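Q: what's the 3D shape of this:
(2 chains)
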Protein chains: 2
Amino acid sequence: MNTPTSLDFLTEALRRLPGVGPKSAQRMAYHLMQHDREGAALLGRALSQAVENIQHCSRCNTFTEHAICETCLNDNRDASLLCVVETPADQLMIEQTLTYKGLYFVLMGRLSPLDGIGPKDIHLEKLVTRATDGVVNEIVLATNFTNEGEATAHYISETLKSRGLKVSRLARGVPVGGELEYVDAGTIARAMLDRRAT
Amino acid sequence: MNTPTSLDFLTEALRRLPGVGPKSAQRMAYHLMQHDREGAALLGRALSQAVENIQHCSRCNTFTEHAICETCLNDNRDASLLCVVETPADQLMIEQTLTYKGLYFVLMGRLSPLDGIGPKDIHLEKLVTRATDGVVNEIVLATNFTNEGEATAHYISETLKSRGLKVSRLARGVPVGGELEYVDAGTIARAMLDRRAT
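A: Residues are numbered from 1 along each chain as shown, chains lettered A, B, ... in the order given. The predicted structure follows:
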């Protein structure tokens, strides 16, 4: 028995999605063809549209449909602060806190020598140019607190500080709502070192 | 911060895939835009193509690109045997055993009154017409051995037997390679009842 060519092609194509193996791809293809052809057509259009329209902001590197993104064009933001994040998703999380009014630089990745991801792949030159525009006064490093994120922050920090820039890092410590009993020792050690006067 | 419209649209559309929630949809969208635009374009084309080309076989109800599928058109198959399965995936599994040379009928679902899936949704009338064509001699029920699959098999069996047709069911028993210690009691009970002379 041969499955129809366009169904095979769809199953293969669905495997390009991260985290989707052969079984899930087949399930997705059958589901769409059997129960949600409208959804399949919609997804098809969304993909073509995104491929056509989405580019990187020439200033901060995030996804945008224009040459410069809305955030970078917003005059109400504090241009003296530049927050460095790994992904647009991280940027979105920081925006949702409503505590940050500066601008962003999105690395679109993190340093990971084992995966062959070096300074070039995280657009470090572009970041240095951006950070030395004379307006930026402080760079806030908000990469993840994973090994790779920490290494990336360290590398960027050294690079920018050697150019006389002020660099800071998001505070580490016990999460809000955290119970000491269930927090790992490394986090508590860091919270102890970075303790603040009340 | 507003995410670009076509990225939002893509994230929303990806949620139409079964088992994909908001976080995975976002991860998929970012991944495609950042690392695999070619894959995104390919998937877009595959979806449109599948929506356009895939239809149901007028004889066996499976997915096909033609009015009648290749299996139903194959003269080398035994037209006196009709195997009833829930999905094209199940059909594929049976084909892979290389033990069955008859034809198929694909229900594209199973009876599930709680989900509002009745006899009409599994194309029972079409199955009855197909099974009473005068050539089919035996109907092998190969729905799943879940509660819903068993209920579906029972319902179909009653319907077809009342029309004087011969109906059988895949054997239940201990799986090949199964160790009794780890097989559930229900399966062992069934294997005991259905024991065969050696």
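
Q: next, work out how far apart A:T129 and A:L160 are.
A: Using CB to CB, to the nearest Å, one obtains 12 Å as the distance from A:T129 to A:L160. Every C-beta, even on glycine, is put in place using the N, C-alpha and C of the backbone.

Q: hmm, I typed the wrong one, I wanted A:L114.
A: A:L114 sits 24 Å away from A:L160, taking CB to CB as the criterion.

Q: residues in contact with the most centrally placed residue in chain A?
A: The central residue of chain A, meaning the one whose C-alpha is nearest the mean C-alpha position (CA atoms, centre = their mean), is A:T87 at 0.8 Å. For A:T87, the contacting residues are A:V106, A:L107, A:M108, A:G109, B:Y30, by CB atoms under 8 Å, 6 or more residues apart in numbering or on different chains.

Q: next, the buried residues of the host helix or strand of A:T152.
A: Assigned by DSSP states H and E, A:T152 belongs to helix A:147-161. By neighbour count, with 16 or more other CB atoms under 10 Å in any protein chain shown as the criterion, the buried positions of helix A:147-161 are A:E148, A:G149, A:E150, A:T152, A:A153, A:Y155, A:I156, A:S157, A:T159, A:L160.

Q: tell me the strands beside the strand of greatest length in chain A, with direction?
A: Selection of the longest strand in chain A by residue count, based on DSSP state E, yields strand A:78-85. Counting by DSSP bridges, the strands paired with strand A:78-85 are strand A:102-106 (parallel), strand A:138-141 (parallel).

Q: tell me the helices in chain A, going along the chain?
A: With DSSP state H as the definition, chain A shows helices at residue ranges A:5-14, A:22-35, A:37-53, A:70-73, A:88-97, A:124-131, A:147-161, A:185-193.

Q: what pLDDT does the residue nearest to A:V183 when sequence neighbours are not counted get?
A: What sits nearest to A:V183 in space, not counting adjacent residues and going by CB to CB, 6 or more residues apart in numbering or on different chains, is A:V174, at 5.5 Å. We note a pLDDT of 85 for A:V174 in this prediction.

Q: what's near enough to touch A:V174?
A: A:V174 sits next to A:L180, A:V183, A:T187, A:I188, A:A191 when contact means CB under 8 Å, 6+ apart.

Q: who wins on neighbours among the residues you listed?
A: Neighbour count (other CB atoms under 10 Å in any protein chain shown) singles out A:A191 as the most crowded of the contacts of A:V174, with 18 neighbours.

Q: burial measure for A:T132, as a count.
A: Around A:T132 there are 13 other residues, counting by other CB under 10 Å.

Q: contacts only, for it.
A: For A:T132, the contacting residues are A:R163, A:L165, taking CB under 8 Å, 6+ apart as the criterion.

Q: rerun that using 7 Å as the cut-off
A: Shown here is A:T132, whose contacts under the criterion CB atoms under 7 Å, 6 or more residues apart in numbering or on different chains are A:R163.

Q: same check on the one 5 residues further on?
A: For A:N137, the contacting residues are A:S80, A:K166, taking CB under 7 Å, 6+ apart as the criterion.

Q: give me the distance between it and A:S168.
A: Plainly put, A:N137 is 11 Å away from A:S168 if you go by CB to CB.

Q: likewise for A:S112?
A: Using CB to CB, A:S112 is found at 23 Å from A:S168.

Q: now do A:S80
A: Here A:S80 is placed at a distance of 13 Å from A:S168 (CB to CB).

Q: do the same with A:L14
A: To A:S168, A:L14 is 43 Å away according to CB to CB.

Q: more neighbours, those two?
A: More neighbours surround A:L14 than the other of A:L14 and A:S168, with 23 against 13 (other CB under 10 Å).

Q: spatially nearest residue to that one (excluding sequence neighbours)?
A: Ranked by CB to CB, 6+ apart and with sequence neighbours excluded, the top spatial neighbour of A:L14 is A:A25, at 4.0 Å.

Q: pull the contacting residues for the one you found.
A: Residues near A:A25 by CB under 7 Å, 6+ apart: A:T11, A:L14, A:R15.

Q: wait, A:G109 sits on A:D115?
A: No. With contacts defined as CB atoms under 7 Å, A:G109 does not count as touching A:D115, sitting 9.3 Å away.

Q: who has more neighbours out of the two?
A: Here A:G109 and A:D115 are compared on neighbour count by other CB under 10 Å; more neighbours surround A:G109, at 18 against 11.

Q: what pLDDT does that one get?
A: 91.
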